[in-house]
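Novice: Have a look at this prediction, sequence included:
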Amino acid sequence: MSRCQNCKSSRIVSMYGKTSDLCVASIGENEHEGYVPGDLGVGGGDDLQFEYCADCGQIQGEWPLPETRIERGEDQGD
């Protein structure tokens, strides 16, 4: 059984969704529309996929992320 990396709760929710290239993501003044960016820690392509803790809200994974392509103002090209 998975445990939350923050509070050690076992209440981990697994989320999966198919966006069909209809994802909008923004950070700071930069915005991306299209496929799920692969460097945001929540999936990539048409797939939105992540786990979070139902007790503390922590998204599970390795954090902090390096600077993303959206932050650098780069076209995702996806």
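Specialist: Great, that's in hand.
Novice: mind checking pLDDT for the residue nearest the centre of the chain?
Specialist: By C-alpha atoms, centre = their mean, the chain has its centre lying nearest to residue 42, at 2.2 Å. pLDDT, residue 42: 95.
Novice: burial count for residue 32?
Specialist: Neighbourhood size, residue 32 [other C-beta atoms under 10 Å]: 20. (C-beta placed from N, C-alpha, C; glycine too.)
Novice: Tell me if I'm right that it and residue 22 touch.
Specialist: No. Judged on C-beta atoms under 8 Å, residue 32 makes no contact with residue 22 at a distance of 11.9 Å.
Novice: Work out for me the element residue 31 sits within.
Specialist: strand 30-34 (DSSP states H and E).
Novice: ok so, going back, what separation do you get for the residue nearest to the centre of the chain and residue 63?
Specialist: Taking C-beta to C-beta, to the nearest Å as the measure, residue 42 falls 12 Å from residue 63.
Novice: Please apply the same query to residue 23.
Specialist: 20 Å.
Novice: Please compare the two by neighbour count and tell me which comes out ahead.
Specialist: The residue with more neighbours, out of residue 23 and residue 63, is residue 23; 23 against 10, by other C-beta under 10 Å.
Novice: hang on, that one packs against residue 31?
Specialist: No. Using C-beta under 8 Å, residue 23 is not in contact with residue 31; the gap is 10.9 Å.
Novice: Distance of the closest residue to residue 45 other than its chain neighbours relative to residue 48?
Specialist: Ranked by C-beta to C-beta, 6 or more residues apart in numbering and with sequence neighbours excluded, the top spatial neighbour of residue 45 is residue 35, at 5.3 Å. Noted for residue 35: a distance of 10 Å to residue 48, by C-beta to C-beta.
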